[in-house]
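A.B. asks: Dropping a prediction and its sequence here:
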Amino acid sequence: MQTITLGEMENIRLMDRIDSKFAAPVALLPQLLEEMLPSFRVQVNDGVRVAPYCTQYLDTPDLKMFLMHQNGKLNRQKIRIRSYVDSNLSFLEVKNKNNKGRTRKKRVPVGLSHLTSIRDLKDEKQFLEDNARFDTQILEPSLANNFERMTFVNHHATERITIDTHLSFLNYRTENTQSVDKLMIIELKQDGWQHSDFRDILNRFRIKKISFSKYCMGTVLTDSRVKYNRFKRKWAAINKLIQ
């Protein structure tokens, strides 16, 4: 597959975008890549095409951000530290999704990939104060995940695709861990609603759109005490898919 460098990809960041997510068995990945070959380039950084990522999510002690998603709130927010392991770069991010399905993300560099307490933050606290909808003083680490990501862009630079595999989760409250090895999470990122070459490929494989949050699903899989009725049927469908 033709390549695109990380530097070139900076012009196609789509920080204000429409996201569509899909789930499929990871066994389909080789066939999917074959179909993408003529129309897409793969991101490469120092020769690496499959990059390890880790994410730490912050939430309130009563999991307000998780519950906003569980209760179907259309205007919701997530706060996280996203780390690019190979590049040794981490960003504190505030991710907002509105009732029109548009995602807006703001971020600042941060020197830590994982916090033990919100007090570990220094100058980044002001960024949270300016952008978080919650009392930043009570935020605490809630969940961490790890996964491997491939990133693609079409030749017209109108859409970006990420494919995540080897998901694993650690819950800070319960200390439970969970891995989901047979699943791949696919995300299509576009500036707006428009024709997508990649969606045509997914349709040929009968890969269907699904609402999927790594934070929420990881929380459900590692904490049996949380309210999860909104996700119960969804996880049953995913589990059937990968089996």
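C.D. replies: Looks like it came in fine.
A.B. asks: Confirm for me that I201 is in contact with L33.
C.D. replies: No: counting by CB atoms under 8 Å, I201 does not reach L33; the two are 10.1 Å apart. Just so you know, the C-beta spots here come from the backbone N, C-alpha and C atoms, and that holds for glycine as well.
A.B. asks: Name the residue in those two with the higher neighbour count.
C.D. replies: I201 (18 against 15; other CB atoms under 10 Å).
A.B. asks: Excluding covalently adjacent residues, which one is nearest to that one?
C.D. replies: Nearest-residue entry for I201: E35, 4.7 Å, with adjacent residues in sequence omitted and distances by CB to CB, 6 or more residues apart in numbering.
A.B. asks: doesn't the one you found fall inside a helix?
C.D. replies: Yes: counting by DSSP: H, G, I helix; E, B strand; the rest coil, E35 is located in a helix.
A.B. asks: so what's it up against?
C.D. replies: Going by CB atoms under 8 Å, 6 or more residues apart in numbering, E35 touches 201, 204-205.
A.B. asks: Please tell me how far it sits from F169.
C.D. replies: To F169, E35 is 30 Å away according to CB to CB, to the nearest Å.
A.B. asks: Next up, the contacts around R82.
C.D. replies: 53, 55, 90-91, 93, 107.
A.B. asks: Mark which of those are part of strands, please.
C.D. replies: 53, 55, 90-91, 93, 107 (DSSP state E).
A.B. asks: Could you measure from the residue lying farthest from the centre of the chain over to F66?
C.D. replies: The centre of the chain is farthest from one residue, P38, which by CA atoms, centre = their mean lies 26.0 Å away. Distance of P38 to F66, given as CB to CB: 41 Å.
A.B. asks: same deal with Y53?
C.D. replies: 20 Å.
A.B. asks: where do the helices sit along this structure?
C.D. replies: Under the criterion DSSP state H, helices of the chain are mapped to 6-9, 29-36, 64-70, 124-131, 197-204, 214-222, 229-242.
A.B. asks: and of those helices, who's closest to M150?
C.D. replies: Closest to M150 of the helices of the chain is helix 29-36 (CB to CB; 8.4 Å).
A.B. asks: List the neighbouring strands of the longest strand anywhere in the chain plus their orientation.
C.D. replies: The longest strand of the chain (DSSP E) is strand 140-154. Applying DSSP bridges, strand 140-154 is found paired with strand 40-44 (antiparallel), strand 51-59 (antiparallel), strand 159-171 (antiparallel).
A.B. asks: More neighbours: Y53 and F66, which one.
C.D. replies: It is F66, of Y53 and F66, that has more neighbours when counted by other CB under 10 Å, with 26 against 16.
A.B. asks: Tell me who's in contact with the residue lying closest to the more buried one once chain neighbours are set aside.
C.D. replies: Excluding its sequence neighbours, the residue lying closest to F66 (CB to CB, 6+ apart) is T219, at 5.5 Å. By CB under 8 Å, 6+ apart, the residues touching T219 are 63, 66, 142-143, 171, 226.
A.B. asks: excluding its backbone neighbours, what's nearest V220?
C.D. replies: Y228 (4.5 Å).
A.B. asks: in the sheet, who's paired with T165?
C.D. replies: E148.
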